[in-house]
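In: Here is my input; please provide its structure:
(one chain, ligands or ions: 1)
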Amino acid sequence: MRVHLNGIDVFYSSSGAGQPIVLIHGYPLDHTIWDPQREYLSQDYFVLAPDLRGHGKSESSSGPYTMDLLARDVHALIDHLHLEPVVLGGLSMGGYVALAFMRLFPQRVRALILADTRAEADTVEARSRREQQAQTVLRNGTGEVVDPMVLKMFTEKTAREDPKLVERVRRMMESTSPTGIAGALLGMAQRPDSTPFLGSIRVPTLILVGSQDSITTVEHARKMASGIPDSQLVVVPDAAHLTTLERPREVNAAIGGFLSGLFTTTGLG
Ligand code: MLT
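Out: Numbering: from 1, shown residues only. This next block holds a predicted model:
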């Protein structure tokens, strides 16, 4: 589905009916990283997975795409669909957006799912690396940024045993436009440190992380879990950064269990 919001065409996928679950993808990916969860959870819930500005089939604008801007895009979509308070999930950059959303619109969030993400801002070095990468992408195209990154998405074992999955994600990344990639890089570079905010998160929160995630590590996840009062941490075994696609069954079980603890449903969990 496509709708014009906040000056751009936004694409989203939705399925199921019931309590609304909104799942935000990471960089430079699209809503399909949540396909296994959308399929599973939509047996019992209404599941919405948008393409963020500059990603997937949503329109680009010039950057930077601050996390607040992306959160406002998601909020506009939630408003457009008249959703009651949602369970908001985000993977990696999607988690940064979820934290920004929580800060801006706490009354719209029923619970949080933070997958393979972190609360900290970029270091000075990481920030300048992102700014350089943004320039490289705009000048030379996406290859130099995508190639090293795709390798970090999965464990070596998965890369060896499931090359089709790696190829699928490489194509997803490569199809993100240079404008979209640069906009996200510059926006992530500007994001504030959310650590001081964690203690004021008052909704139940599920934190997921791949045991071998080298981008947003188990250590990052533990810090979020110790900062958010009503949180639970699940370390997904044999998984790197893209847990939703690498270990869908384990991620579905963790999210299904978390949701059935929140809502009285008959099906999942
Ligand atoms: C992501 O997967 O969204 C990014 O790796 C996050 C980041 O670069 O900080």
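
In: any idea how far the residue lying closest to residue 214 once chain neighbours are set aside is from residue 242?
Out: Counting by CB to CB, 6 or more residues apart in numbering, residue 152 is the residue found nearest to residue 214 once chain neighbours are left out, at 5.8 Å. C-beta coordinates here come from the backbone N, C-alpha and C atoms, glycine included. With distances taken as CB to CB, to the nearest Å, residue 152 is found 9 Å from residue 242.

In: between the two, which one's more packed in?
Out: residue 242 (27 against 14; other CB atoms under 10 Å).

In: Under a three-state scheme, what state does residue 59 occupy?
Out: coil (DSSP: H, G, I helix; E, B strand; the rest coil).

In: my guess is it meets residue 6, correct?
Out: No. With contact defined as CB atoms under 8 Å, residue 59 does not reach residue 6; the gap is 10.2 Å.

In: More neighbours: which of these two?
Out: Per other CB under 10 Å, whichever of residue 59 and residue 6 has more neighbours is residue 59, with 18 against 15.

In: what sits up against the worst-scoring helix or strand of the chain on mean pLDDT?
Out: Scoring the helices and strands of the chain by mean pLDDT, DSSP states H and E places helix 143-152 at the bottom, with a mean of 90. With contact meaning CB atoms under 8 Å, 6 or more residues apart in numbering, helix 143-152 is reached by 28, 133, 136-137, 159, 166, 169-170, 173-174, 181, 214-215, 240-241.

In: when you check the ligand, which of those turn up near it?
Out: residue 215 (CB under 6 Å from any ligand atom).

In: Any of the contacts of helix 143-152 buried? List them.
Out: When neighbours are counted using 16 or more other CB atoms under 10 Å, the contacts of helix 143-152 contain these buried positions: 28, 133, 136-137, 159, 166, 169-170, 173, 181, 215, 240-241.

In: List the buried residues for the helix or strand that contains residue 35?
Out: For residue 35, the element it lies in under DSSP states H and E is helix 35-41. In terms of neighbour count (16+ other CB under 10 Å), helix 35-41 has its buried residues at 36-38, 40-41.

In: Same check on stretch 54-67?
Out: Here stretch 54-67 shows 54-56, 58-60, 63-67 as buried, counting by 16+ other CB under 10 Å.

In: Of those residues, which one scores lowest on pLDDT?
Out: Across the buried residues of stretch 54-67, the bottom pLDDT score, 90, is held by residue 63.

In: how about the residues of the stretch 101-250 of the chain near the ligand?
Out: So far as CB under 6 Å from any ligand atom goes, the stretch 101-250 of the chain lies against the ligand at 188, 215.

In: Please enumerate the strands of the stretch 101-250 of the chain.
Out: 109-115, 205-210, 231-236 (DSSP state E, counting those that start in this stretch).

In: what's around residue 122, how many residues?
Out: Neighbours of residue 122 under the rule other CB under 10 Å: 15.

In: again, but for the one 3 residues further on
Out: When neighbours are counted by other CB under 10 Å, residue 125 registers 8.

In: how near is it to residue 196?
Out: Relative to residue 196, and taking CB to CB, residue 125 is found at 22 Å.

In: State the helix or strand in which residue 27 lies.
Out: Using DSSP H and E, residue 27 falls outside every helix and strand.

In: Leaving out chain neighbours, which residue sits closest to it?
Out: residue 93 (4.0 Å).

In: got the contact list for that neighbour?
Out: 25-27, 52, 67, 117, 184, 188 are the contacts of residue 93 under CB under 8 Å, 6+ apart.

In: Scan those residues and report the most crowded one.
Out: Counting by other CB under 10 Å, top hit in these: residue 52 with 31 neighbours.

In: Would you mind giving both backbone torsions of it?
Out: phi -70, psi 160 (degrees, to the nearest 10).

In: how about it, what does it touch?
Out: 24-25, 58, 65, 70, 73-74, 93-94, 97, 184.
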